[in-house]
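Chemist: Starting from these lines, generate the structure:
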Amino acid sequence: MSGLLLRLAGPLQSWGERSVFTPVRDTAPFPTRSALIGMFAAAEGIGRDEADPDHYRDLRLTVRVDRPGLRIVDYHTVGGGFPKDRTAATSGGSNKGAAVITRRHYLSDAVFVVAVTAADETLTRLADALSRPHWAPYLGRRSCVPDEPFLLRRHVDDPEEELRARVPLSRTAPRGKDGNTQETGTITVEFLHEQPPGDANEETAPADVIDVNDMPVSFAQHNRSHTGRRLHRTLLPVPGSLAGSPETLMQRLIDYVRLEESA
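Modeler: Predicted coordinates:
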């Protein structure tokens, strides 16, 4: 088993947990398993009606929350003032006779780094697809385009250790009185595990439980459904050497990717 690393960052992200369309389109505070599996399937060119959730069941996902982002709400309308046959379609194949009004939640300026652990054969297939995706990846919704760098590393022996010790934090360091970005000492970073970490020290890494409804059962266009799973949140101190100003972070990440590609 080995893994790859993804950096999920962009102006907007939205990771909905609900599997039916409602007036309020929520977002989880971190990338959901169903959304990431949908991203992988799209990169491989697997359509919604062709996707088999069991195809990715052996994936282990660990998320590092570098910046949680600011939650914003968009008042959104579709189809107002048009004849019924030009308004938004329903799941049954007809059309609505009036505007569809929704309130869509987004995370603004959030950054996550995801460790994906899988069997070597699966990992090679995913890395190739994410490097040259069939359909472009997006951060929960098609309007949410990811920043670069996206795929940080293709093959990592211990991707979770890479999150802790090597990959720089995507964060904005506090500014001093002169307006310049200041380096910090020790930063506390949030990790989300599908199982409780075995080496967590309860005094320095308190853990609590999060229940999310993001385990995919069906990706069919008109029959999407998910079940719940349990995550464990862990706060761990990370050395300040992983921190960097926004001005230097991108170059450090690009140099890191280039170094790995040339190795």
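Chemist: From here on, just use CA atoms for contacts and neighbour counts.
Modeler: Fine.
Chemist: OK, contacts around the residue nearest the centre of the chain?
Modeler: Centrality entry for the chain: nearest residue to the mean C-alpha point is Pro31, 3.4 Å, by CA atoms, centre = their mean. Applying CA atoms under 8 Å, 6 or more residues apart in numbering, we find Pro31 in contact with Trp15, Val63, Phe112, Gly140.
Chemist: Return the closest of those with respect to Ala89.
Modeler: Gly140 (21.0 Å; CA to CA).
Chemist: residues contacting that closest one?
Modeler: Residues in contact with Gly140 (CA under 8 Å, 6+ apart) are Gln13, Ser14, Trp15, Gly16, Pro31, Ala35.
Chemist: contacting residues around the third one?
Modeler: Contacts for Trp15 were tallied using CA under 8 Å, 6+ apart; they are Asp26, Thr27, Ala28, Pro29, Phe30, Pro31, Thr32, Ala35, Tyr106, Leu139, Gly140, Arg141.
Chemist: From Tyr106, how far out is the residue lying closest to it once chain neighbours are set aside?
Modeler: Spatial nearest neighbour of Trp15, excluding adjacent residues (CA to CA, 6 or more residues apart in numbering): Thr27 at 4.6 Å. With distances taken as CA to CA, to the nearest Å, Thr27 is found 6 Å from Tyr106.
Chemist: Check Asp147 too.
Modeler: Distance, Asp147 to Tyr106, by CA to CA: 16 Å.
Chemist: Model confidence for the residue of the chain most remote from its centre, exactly?
Modeler: Note on the chain: the largest separation between a C-alpha and the mean C-alpha position, by CA atoms, centre = their mean, falls on Pro83 (38.0 Å). Confidence at Pro83, expressed as pLDDT, is 74.
Chemist: Val116 too?
Modeler: pLDDT, read off for Val116, is 93.
Chemist: check contacts around it.
Modeler: Gly3, Leu4, Leu5, Leu6, Leu59, Arg60, Leu61, Thr62, Pro159.
Chemist: Among those, name the buried ones.
Modeler: Gly3, Leu4, Leu5, Leu6, Leu59, Arg60, Leu61, Thr62, Pro159 (16 or more other CA atoms under 10 Å).
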